[in-house]
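Asker: What shape does this take:
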Amino acid sequence: MSIENVRAYLEPLGFSDRIQEFEVSSATVELAAIALGTDGARIAKTISLHGKPDGCVIVVCAGDMKIDNAKFKARFGYRPHMLSAEEALSMTGHAVGGVCPFALPKGVPVYLDVSLRRFDVVYPAAGSSNSTVALSCDELERASGARSWEDVCKPREV
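Answerer: Predicted coordinates for the structure are as follows:
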């Protein structure tokens, strides 16, 4: 089970006790914000994209943001394409709704978008469609093994 993999992954970092599981779904930004009783922008949305040549790339951004195709292409040299649900599960080990930047297969790069930096605490998924973990941005960087902070997102229209 993916949440158990995430719990085991976060244990040595001292963050596993911060995992929250809900009776309701937290599979989308909106649902997670309702479950937590917080603003959707604080939800650390994990976006899984095709990488080069055959892998995937993870970008984590604030819940009120989305990938900016032009910024992403300028930074990474190719146009971003979302993974299908099947690809997300096979390439990240997490099902859609629970994809997170933890307990990923070796070699999957994680990038954090600067949109998260405006918050003291953010809430990424914890490996299931009804879980989250509360982390500061520095803790998220450390726990995810992020390669870098990037500016590859823009506000999403609501």
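
Asker: quick one: secondary structure of the residue nearest the centre of the chain?
Answerer: Nearest to the mean C-alpha position of the chain, by C-alpha atoms, centre = their mean, lies T46 at 2.4 Å. Here T46 is strand, with the state taken from DSSP: H, G, I helix; E, B strand; the rest coil.

Asker: how about the helices of the chain, start to end?
Answerer: 2-10, 29-36, 69-76, 85-92, 137-144 (DSSP state H).

Asker: contact partners of the third one?
Answerer: What it means is helix 69-76. K52, V57, V59, R79, P80, E150, D151, V152, C153, K154 (C-beta atoms under 8 Å, 6 or more residues apart in numbering). (Each C-beta comes from the backbone N, C-alpha and C, glycine too.)

Asker: is it true that the last one touches C61?
Answerer: This means K154. No: contact between K154 and C61 fails when scored by C-beta atoms under 8 Å: they sit 9.6 Å apart.

Asker: Which one of these two is surrounded by more residues?
Answerer: Counted by other C-beta atoms under 10 Å, K154 and C61 do not tie: C61 has more neighbours, with 27 against 16.

Asker: Any stretches of this protein with poor pLDDT?
Answerer: 1, 158 (pLDDT under 70).

Asker: If we use 80, what do you get?
Answerer: 1, 53, 158 (pLDDT under 80).

Asker: returning to what we had before: what would the contacts of helix 69-76 look like in a markdown table with distance to M91?
Answerer: As requested, these are exported to a markdown table (distance: C-beta to C-beta, whole Å):
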| residue | distance to M91 |
| --- | --- |
| K52 | 13 |
| V57 | 10 |
| V59 | 14 |
| R79 | 18 |
| P80 | 14 |
| E150 | 20 |
| D151 | 24 |
| V152 | 19 |
| C153 | 21 |
| K154 | 25 |
